[in-house]
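Undergrad: Fold the following, please.
(one chain, ligands or ions: 2)
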Amino acid sequence: MSERTFVMIKPDALSRRLVGRVIERYESKGLKLVGMKLQIVPRELAERQYAEHWDKPFYNDLVSFMTSGPSIAMVWEGPNAVEAARTMNGATDSAEAEPGTIRGDLGLTAHRNVVHASDSLDTAKWEINLYFDEAELFSYAMPDEGWLGVKV
Ligand SMILES: Nc1ncnc2c1ncn2[C@@H]1O[C@H](COP(=O)(O)OP(=O)(O)OP(=O)(O)O)[C@@H](O)[C@H]1O
Ligand SMILES: [Mg+2]
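TA: Residues are numbered from 1 along each chain as shown. Ligands and ions are numbered 1, 2, ... in the order given. This is a model prediction of the structure:
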């Protein structure tokens with residue numbers, strides 16, 4: 001079943017010129033880009049996004065990191081998109097992420113970990129709504145849609 005998931009390219013990735021390589025991963029997987037926004041996330045927005053971690057010792061550092069420079073918010077669509085993006089991103093700690101994952105291949109330090117992806121379908125809906133208006137999301141067909149019966 002087709003899903004939409006929320007993905008961010010974090011500020012460390014922009015400052016390391018990794019944007020193209022990260023986007024290429026999701027595209028190559030067969031996901032469809034349906035929303036995209038470059039911004040320096042306002043502190044209040046980052047706090048809301050990561051509210052689940054408000055009581056963790058790393059919360060302030062996390063919010064500071066996420067607002068330290070431009071990041072890219074994206075919505076990717078496709079079959080099983082939520083789990084697909086999480087699997088592609090790899091373990092939270094880049095140092096422990098498997099080779100072949102985005103963090104495993106491109107991540108340098110534990111918690112400056114290049115990318116974010118929603119951890120469930122419910123979280124995805126909530127995060128998409130947090131970052132995007134409906135009019136900023138696009139439905140469109142791709143030439144290969146329907147190929148082998150797979151709706152990408
Ligand atoms: N112990 C820690 N110290 C510092 N930062 C941390 C720590 N644990 C997590 N973080 C930061 O907080 C983010 C959110 O942690 P979470 O447990 O939700 O991991 P995740 O779901 O893999 O990452 P994300 O939500 O960014 O996709 C991590 O991606 C990382 O940037
Ligand atoms: Mg998380």
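Undergrad: following the helix or strand containing residue 5, which helix or strand comes up?
TA: Secondary structure assigned from DSSP states H and E places residue 5 in strand 2-9. Of the helices and strands lying after strand 2-9 in sequence (DSSP H and E), the nearest is helix 11-15.
Undergrad: do that following helix and ligand 1 meet at all?
TA: No - in terms of Cβ under 6 Å from any ligand atom, no part of helix 11-15 sits within range of ligand 1; the closest distance is 9.2 Å. C-beta: built from backbone N, CA, C; applies to glycine.
Undergrad: So is the helix or strand following that helix next to ligand 1?
TA: Using DSSP H and E, the helix or strand that directly follows helix 11-15 along the chain is helix 19-29. No - if you take Cβ under 6 Å from any ligand atom as the test, helix 19-29 misses ligand 1, and the best it gets is 13.1 Å.
Undergrad: Could you do stretch 122-134 as well?
TA: No - residues of stretch 122-134 contacting ligand 1 under Cβ under 6 Å from any ligand atom: none, with a closest distance of 8.9 Å.
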